[in-house]
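>>> could you look at this predicted model? Sequence included:
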Amino acid sequence: MSPSTELPAELTLSTWERQAGALAKARPATVADALRALHKAHEAVPWGLLVLDGLQDAAAAELRVAQLRSEGERRLRPLQQQAQATAQAASKWLAGARQGGAAPRPALQAAEALGRAVAPWCSVLERAWQAALEAAQRRLEELQAQAQQQAAAEPEDSPERRRVSARVVQQFRLVKNRPDIPVKYLLCLGHRSCAPYLGPSAGDTFKPLLAKVLKGDTGLKYFHGDCVWEDGGYTFVGPRMTSTIARRIERGLFELTGTRWRVRAHE
């Protein structure tokens, strides 16, 4: 709870009892009873909703927005109404005390301070709650945008993608276990990812297939060569093959198959 949402000293029962003395407990103790009800209404408000540091996903932010809206009506509004009722009780008590002329000055000052404190404090609560609601809404929009960007960046599952993935797993078995059987590759390299087609032949006729696998990617380039088992890794041998491309192939294969393969590349 921030200091601005705590009960001001002027609106606490302890302050009233200290300054009003015996008059605070005299019957009818309307101001004291109103302050007790105000304290109870204040404790019922879930002030932790105003802390937004833990909102790390869109679902949590959406829930927080809903909670702030609902609890604002269920808890904050009754608190503000009780604060106004407390101010009215103090005003009524003050009028009677002045008319009777027997109230000590500290009691009169306490009632006056109580009445003055209610309106600005209610405004502070309203602004704090509204600020938290707006911040939670902005956070929700940010997280939703991030989720959309992530979803857009993730490759779309498709029959072509499943076909190429299964082909990679099948041909890698041959590369490792049957070095006597040649395995060719056609590598499609885009700006964001890459994917290879492997087989006894891997000509340009497979370019449309790989283009569908990398649908949405741009700057597609194609590389041909042989895939062999070498130094404990799947090695892509061919023109313009480099260690940088090998790392990109590793990432692309993980995205494609969900498995991390040790990959090398050289000319």
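Alright, I've got the coordinates.

>>> and the protein, what are its domains?
Under the assignment automatic domain parsing, the domains of the chain span 3-152, 159-266.

>>> ranking the ones you listed by mean pLDDT, which is last?
Here the domains of the chain differ in mean pLDDT, and the lowest is domain 3-152 at a mean of 89.

>>> roughly how far is that domain from the heart of the chain?
Averaging C-alpha positions (C-alpha atoms, centre = their mean, to the nearest Å) puts domain 3-152 27 Å from its chain's average.

>>> got it, and stretch 202-210?
42 Å.

>>> list the buried residues for that stretch?
Using 16 or more other C-beta atoms under 10 Å as the test for burial, stretch 202-210 gives Ala202, Phe206, Leu209, Leu210. Every residue, glycine included, has its C-beta placed from N, CA and C.

>>> same deal with stretch 242-258?
Ile245, Ala246, Arg248, Ile249, Glu250, Gly252, Leu253, Glu255, Leu256, Thr257.

>>> can you check stretch 111-131 too?
Those would be Ala111, Ala113, Leu114, Gly115, Ala117, Val118, Trp121, Cys122, Leu125, Ala128, Trp129, for stretch 111-131 by 16+ other C-beta under 10 Å.

>>> burial of the closest residue to Gln144 other than its chain neighbours, as a residue count?
Closest residue to Gln144 apart from its sequence neighbours, by C-beta to C-beta, 6 or more residues apart in numbering: Ala58 at 5.0 Å. The local packing of Ala58 (other C-beta atoms under 10 Å) involves 18 other residues.

>>> separation between Ala58 and Gly199?
Distance of Ala58 to Gly199, given as C-beta to C-beta, to the nearest Å: 42 Å.

>>> which residues in the stretch 101-250 of the chain form strands?
Using DSSP state E, counting those that start in this stretch, the strands of the stretch 101-250 of the chain run over 184-189, 194-199, 221-230, 233-237.

>>> and those, which is most packed in?
Compared across the strands of the stretch 101-250 of the chain, strand 194-199 shows the largest average neighbour count, a mean of 24 (mean count of other C-beta atoms under 10 Å).

>>> related to what we said a few turns ago, would you confirm that the residue nearest to Gln144 contacts Leu143?
Yes: in terms of C-beta atoms under 8 Å, Ala58 counts as a neighbour of Leu143; the distance is 4.1 Å.

>>> wait, doesn't Arg248 sit right on Cys194?
Yes: if you go by C-beta under 8 Å, Arg248 and Cys194 touch, sitting 5.4 Å apart.

>>> so Gly252, which of the three states?
State at Gly252, reduced to three classes by DSSP: H, G, I helix; E, B strand; the rest coil: helix.

>>> beta partners of the spatially closest residue to it that is not a sequence neighbour?
Nearest residue to Gly252, sequence neighbours excluded (C-beta to C-beta, 6+ apart): Cys194, at 3.9 Å. Beta-bridge partners recorded for Cys194 (DSSP bridges): Leu189.

>>> which residues sit in contact with Cys194?
Leu187, Cys188, Leu214, Arg248, Ile249, Arg251, Gly252 (C-beta atoms under 8 Å, 6 or more residues apart in numbering).

>>> what sits against the second one?
For Cys188, the contacting residues are Cys194, Ala195, Pro196, Tyr197, Lys207, Leu210, Ala211, Val213, Leu214, Leu220, Lys221, Tyr222, taking C-beta under 8 Å, 6+ apart as the criterion.
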